[in-house]
Each structure stands twice: as structure tokens, then as C-alpha cells.
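# I need the structure of the sequence given here:
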Amino acid sequence: MNAENILTIGIDYRIVHGGVAAVENVYSTFYKPFNHVTTVVDGGQVNKLFILCRAFFQFLGWMLFRPQIEIVHVHGASNASFWRKRIFIYIAKLFGKKWSFTVMVLNFKCLLSNIRRL
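Residues are numbered from 1 along each chain as shown. A predicted model of the protein is given here:
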């Protein structure tokens, strides 16, 4: 397994704000190429919705036209981040991809009950 076979889903890591972006930023220096789909950015709700829609179509493109992707590594946090990322996990499963969900959360017990429904 090499970096070409992994697709990472998460925040815009190039502008580091918070734990998830910091982790992705470090990963981007180790994995070449660092295949990444940005699902959220800082900014207003309209901009966030636009980025999520764009991410959905980019992700579909990766799934349809890059068969070498074997693992989808999803980075997220609790609350809205978890629900956004769930969409990508379901699609990855539909395409028969293995997936990993790295989560940074304060209320782990609450999140765990949601993950069990995946």
C-alpha cells in the first residue's frame, strides 16, 4: 500500500485552524501524493455549503475515475462534521472501498452511539 492508494477527506488543511487541520497538514508532508478532498472551509454558511457540494462531486470523480484508490481516510470532529463525513463513508462503502474514520471529539460517548449506526 502506498500513498497513491489513499484518499483523505477533511477540512482545508492548508490554512491550519484546529486539530483536524493540523493533523492533515502533517500528513500532507509525509504522504506523496497527498490525495485530498476538502469538505469544509472557514467562512459563512453559503460558502460551506458550496464547498460541501463541490467535495461531493470531486469525491465521486475519485471513486469513478481513480480505481487505484483502495482506502478512504476520513478526518472529522463531532456534531455537523460527523454528519457531513458520513455521506462520504457511505459512498466509499458503495464503491467497495475500505475506510477509516479519524475523529477528534469531546463527547465520545455520544459520537460512539452515532457511529454504531454506520
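# Could you list the low-pLDDT ranges of the protein?
1, 16, 105-118 (pLDDT under 70).
# Which helix in it has the most residues?
When the chain is parsed with DSSP state H, its longest helix is helix 45-65.
# Which strands or helices does the helix or strand following it pack on?
Where DSSP states H and E defines the elements, the next helix or strand beyond helix 45-65 is strand 71-77. When contacts are defined as 3 or more CB pairs under 8 Å, 6 or more residues apart in numbering; DSSP states H and E, strand 71-77 sits against strand 6-11, helix 19-30, helix 80-94, strand 98-104. The way it works is simple: take the backbone N, C-alpha and C, and place the C-beta from them, glycine included.
# Residue 70 is nearest to which of those?
strand 98-104 (6.2 Å; CB to CB).
# Identify all contacting residues around that closest one.
Contact with strand 98-104 is made by 19-20, 23, 70-78, 82, 85, 89, 92-93, 111, 115, as judged by CB atoms under 8 Å, 6 or more residues apart in numbering.
# try 6 Å this time
With contacts defined as CB atoms under 6 Å, 6 or more residues apart in numbering, strand 98-104 is touched by 19-20, 71-77, 89, 92.
# now stretch 42-62
The contact list for stretch 42-62, computed with CB under 6 Å, 6+ apart, reads 7, 37, 39-41, 69, 88.
# For those residues, work out which two are farthest apart.
Using CB to CB, the pair of the contacts of stretch 42-62 lying farthest apart is 41 and 69, separated by 22.8 Å.
# Quick one: end-to-end length of stretch 14-24, please.
End-to-end distance for stretch 14-24: 9 Å, by CA to CA, to the nearest Å.
# All further residue positions should be reported with the first residue as 836.
Shifting the count to begin at 836 puts that one at stretch 849-859.
# Buried residues of that stretch, list them for me.
By 16 or more other CB atoms under 10 Å, the buried positions in stretch 849-859 come out as 855-856, 858-859.
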